[in-house]
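> Okay, predicted coordinates and the sequence, questions at the end:
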Amino acid sequence: MKRGTFDTLLSFLLGFAWALLFIGSWLVFKITALLGLPIAFLSTLLFLFWMLVCILLLEGLNIYKERADLLKEQTRLLHRIISRLEKDA
């Protein structure tokens, strides 16, 4: 199946967001561990929450794009059915 530029870009951004989530949370914890463990845990949890929201937004865009593609295909099929029915009538 042919993938568009938008699909490729969305997949890349989603992979980048997951990598940033893992690497970034480790870095945030390491950097803020100097200030104390409670602050390190809190800042890491805030970073994880923010990154998961970004991932959910990207997944939502992906689902919306797939839904729009399916609706476009259904519309195309319905137009073909209508044209054949009108042709037969």
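In hand now; what should we look at?
> Check which helices and strands the top helix by length along the chain sits against.
For the chain, the longest helix by residue count, based on DSSP state H, is helix 37-88. Applying 3 or more CB pairs under 8 Å, 6 or more residues apart in numbering; DSSP states H and E, we find helix 37-88 packed against helix 5-32. All C-beta spots, glycine's among them, are computed from the backbone N, C-alpha and C.
> what's the angle between the helix it packs on and helix 37-88?
170 degrees (axes from the mean of the first three to the mean of the last three CA atoms, to 10 degrees).
> what helices or strands is helix 5-32 leaning on?
If contacts are counted by 3+ CB pairs under 8 Å, 6+ apart, helix 5-32 sits against helix 37-88.
> tell me the contacts of residue 41?
If you count contacts by CB atoms under 8 Å, 6 or more residues apart in numbering, residue 41 has them with residue 29.
> Distance of it relative to residue 18?
21 Å (CB to CB, to the nearest Å).
> Now do stretch 70-83, average pLDDT.
Averaging the model's pLDDT scores along stretch 70-83 yields 95.
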